[in-house]
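Dropping the sequence and predicted coords here.
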Number of protein chains: 2
Amino acid sequence: MTGGVERPPPRVTVVEVGPRDGLQNEPGRVPTAAKVSFVEALAGAGLRVVEATSFVSPKAVPQLADADEVMRSLRRRPDVRYPVLVPNERGLERALAAGADAVALFTAATEAFAEANVRASIAETFERFRPVAMRARTDGLWLRGYVSVAFDCPYSGRVAPESARDVALRLFDLGCDEVSLADTIGTATPGDVARLLDVALRDLPGNRLALHFHDTGGRALDNVAIGLDHGIAIYDSAAGGLGGCPFAPGAPGNLATETLLACLAGRGIETGVDRLAVEHAVAGLRDAIASAA
Amino acid sequence: MTGGVERPPPRVTVVEVGPRDGLQNEPGRVPTAAKVSFVEALAGAGLRVVEATSFVSPKAVPQLADADEVMRSLRRRPDVRYPVLVPNERGLERALAAGADAVALFTAATEAFAEANVRASIAETFERFRPVAMRARTDGLWLRGYVSVAFDCPYSGRVAPESARDVALRLFDLGCDEVSLADTIGTATPGDVARLLDVALRDLPGNRLALHFHDTGGRALDNVAIGLDHGIAIYDSAAGGLGGCPFAPGAPGNLATETLLACLAGRGIETGVDRLAVEHAVAGLRDAIASAA
């Protein structure tokens, strides 16, 4: 089932996760209208996948409690996908009611992280996913899966490549169109990335694998380079490097979209994204946050 | 006199101009101590040339009126060069009194810009430079020259490559160790850069030529790519993209150092600079500005 991959890929898809993975970790209150404008500006910049919000419990992530309104207000482009995070069937119901047609599921490569993050074993997360995946199939929803802490876990240390690969495999088996391997705490090294990809690409479709790096350790771009060398053509990033790192206050979290775009531009790899327009989207969001404060 | 250049260069020198070209255009007041910390943090990030301030008239650039104090307070690293802008002999006297040992002169490729910017003809700017250059020679100062509007001028339009080349040549003749060709308004296209470099490299030492791009039009990285293809190994940039564009309010000015570093990292070109440390330097400066406001 290994997907054919070109090394390095001539074209890369940048999956914008700022409105979700970024804003869920921003301390200040962000007005709903500013979130909507932000998502629209990012789509306008040429990003073809913009993760718009999350339908996890508002108690768990109060920053995104307005997910329903964000999705309903959004003027969508026909050529852009707007996935939303859903933790379970209840989240899916809310997402569908708000008009979502692409959803993302998240589990982890380690039991300790799954337990800490969603209070469930890995197996239990898959039990929660089953009805979501079934509905996704019948309704023709696009489905993304996340493997958190695919390289390193704040609770149980280095992760065996086989563990991350197995969880990714189960997500593909569940029917995920795409699976993202996430360096949730930003400590992965290029060696870690090469080791996981060497193992993963034997069993997983490389053309449907995404990499999700945080820049906490400053190695995100080195890790992207390893991914490109392995033919991976889908990378997650957050405009403005929004969000910080919940495990290291003050440190950078998500790789900034502008940084990723500059790196890819340097290599002559096409993305179809206007870097300056992304910077304008971030400036607009910051202005809106400052005005609301 | 053409210097041997490798295409693309395996290693690039990033000349950090944020504390000067960036801060001179920032609207808010920046405390002197924050400027000093900023320069020190940038040098700590591995930048080997940090343009620290400007000794132009405080009336012309009130933002940098504390140039003397900045230079006196700076804890300098022996392996870092801290050039300062000087417009004429009086500026040089102030700079030397404050302990500067590297200075930068600036003129323009067009008469209209020279007139508007420093109220002098190009020939008159060179008359002002003569005593500075003489002193630089006798005192062993390092000397940089800037050619503003080397590609495009807000007053007289596109600049003939020969005009920019001639001004650069005069700066080298004056004894400049390095000359920077500046796209002051950020409108240069890759074609413009190729045309100027094709002309310039016939007569100028390529290994002592720098390129200074503004990102106003979003093409700074494309222009860097052309420079690299021509073997140019010295690029100016400003941490945080500080400064904006005085000719287009709200638009980006200087190419951000982080963006340049990401682009160079993407190409596997060494700089010796820690991108994350540059981001921390910018965050520190922004915090200091916010606290002072």
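Noted; the coordinates are in hand.

Is the helix or strand hosting A:Ser180 positioned near chain B?
Using DSSP states H and E, A:Ser180 sits within strand A:178-183. No. Using CB under 8 Å from any CB of the partner chain, strand A:178-183 stays clear of chain B, with a minimum separation of 14.7 Å. The C-beta positions use only the backbone N, C-alpha and C, and glycine is treated the same way.

element containing the residue in the stretch 101-250 of chain A that chain B sits nearest to?
For the stretch 101-250 of chain A, the residue closest to chain B is A:Gly218, as judged by CB to the nearest CB, at 3.4 Å. Under the criterion DSSP H and E, no helix or strand holds A:Gly218.

Once you drop chain neighbours, what's closest to it?
Of all residues beyond its chain neighbours, the one nearest A:Gly218 is B:Leu276 (3.4 Å), with distances taken as CB to CB, 6 or more residues apart in numbering or on different chains.

Count the neighbours of that neighbour for me.
B:Leu276 has 19 neighbouring residues, counting by other CB atoms under 10 Å in any protein chain shown.

wait, is it part of a strand?
No. Counting by DSSP: H, G, I helix; E, B strand; the rest coil, one finds B:Leu276 to be helix, located in no strand.

Show the average pLDDT along the one helix or strand A:Arg137 maps to.
Taking DSSP H and E as the criterion, A:Arg137 maps to helix A:122-139. Mean per-residue pLDDT for helix A:122-139: 95.

Tell me which residues are up against it.
Applying CB atoms under 8 Å, 6 or more residues apart in numbering or on different chains, the contact partners of helix A:122-139 are A:86-89, A:92, A:96, A:101, A:103, A:105-108, A:111, A:114, A:118, A:120, A:141-143, A:167, A:170, A:174-176.

just the CA coordinates of that helix, formatted as CSV?
Extracted in CSV, the C-alpha atoms of helix A:122-139 (Å, rounded to 0.1, in the frame of the first residue of the first chain):
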residue,chain,number,x,y,z
ILE,A,122,-5.1,4.6,22.6
ALA,A,123,-7.6,1.7,22.1
GLU,A,124,-10.4,3.8,23.6
THR,A,125,-9.7,6.7,21.3
PHE,A,126,-10.2,4.3,18.4
GLU,A,127,-13.5,3.1,19.9
ARG,A,128,-14.6,6.7,19.9
PHE,A,129,-13.4,7.1,16.3
ARG,A,130,-15.4,4.2,14.9
PRO,A,131,-18.8,5.9,14.6
VAL,A,132,-17.1,9.0,13.3
ALA,A,133,-15.3,7.1,10.6
MET,A,134,-18.5,5.3,9.7
ARG,A,135,-20.4,8.5,9.3
ALA,A,136,-17.5,10.0,7.4
ARG,A,137,-17.7,7.1,4.9
THR,A,138,-21.5,7.3,4.4
ASP,A,139,-21.5,11.1,4.2
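
How about the residues of chain A by chain B?
With CB under 8 Å from any CB as the criterion, chain A meets chain B at residues A:215, A:217-218, A:221-222, A:224-225, A:241, A:252, A:258-260, A:262-268, A:274-277, A:279.

Contact partners for A:Arg119?
By CB under 8 Å, 6+ apart, no residues touch A:Arg119.

buried set for stretch A:215-235?
Residues of stretch A:215-235 classed as buried: A:215-228, A:230-235 (neighbour count, 16 or more other CB atoms under 10 Å in any protein chain shown).

Now for A:Glu69, how many residues are close by?
Neighbours of A:Glu69 (other CB under 10 Å): 15.

Residue ranges in the stretch 101-250 of chain A under the pLDDT threshold?
Along the stretch 101-250 of chain A, segments meeting pLDDT under 70 span A:245-250.

so where do the helices sit in it?
Secondary structure of the stretch 101-250 of chain A (DSSP state H, counting those that start in this stretch): helices at A:111-118, A:122-139, A:161-174, A:190-203, A:220-229.

now those helices in a markdown table, with distance to A:Ala34?
Listed next are the helices of the stretch 101-250 of chain A as a markdown table, based on distance: least, CB to CB, whole Å:
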| stretch | distance to A:Ala34 |
| --- | --- |
| helix A:111-118 | 27 |
| helix A:122-139 | 29 |
| helix A:161-174 | 32 |
| helix A:190-203 | 34 |
| helix A:220-229 | 26 |
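
Quick check: which of the ones you listed is buried the most?
Highest mean neighbour count of the helices of the stretch 101-250 of chain A: helix A:220-229, a mean of 23 (counted as mean count of other CB atoms under 10 Å in any protein chain shown).

How far off centre is stretch A:152-159?
Distance of stretch A:152-159 from the chain centroid (CA atoms, centre = their mean, to the nearest Å) equals 19 Å.

mind saving the C-alpha coords of that stretch as PDB?
Taking Å, rounded to 0.1, in the frame of the first residue of the first chain, the C-alpha atoms of stretch A:152-159 are listed here in PDB:
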ATOM      1  CA  ASP A 152       9.000  12.100  21.600                       C
ATOM      2  CA  CYS A 153       6.500  12.200  24.500                       C
ATOM      3  CA  PRO A 154       6.800  14.600  27.500                       C
ATOM      4  CA  TYR A 155       5.700  11.700  29.800                       C
ATOM      5  CA  SER A 156       7.300   8.600  28.400                       C
ATOM      6  CA  GLY A 157      10.300   9.900  26.400                       C
ATOM      7  CA  ARG A 158      11.500   8.800  23.000                       C
ATOM      8  CA  VAL A 159       8.900   7.000  20.900                       C
END
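
How far does stretch A:10-25 stretch from one end to the other?
33 Å (CA to CA, to the nearest Å).

Same check on stretch A:155-165?
Stretch A:155-165 has an end-to-end distance of 19 Å (CA to CA).
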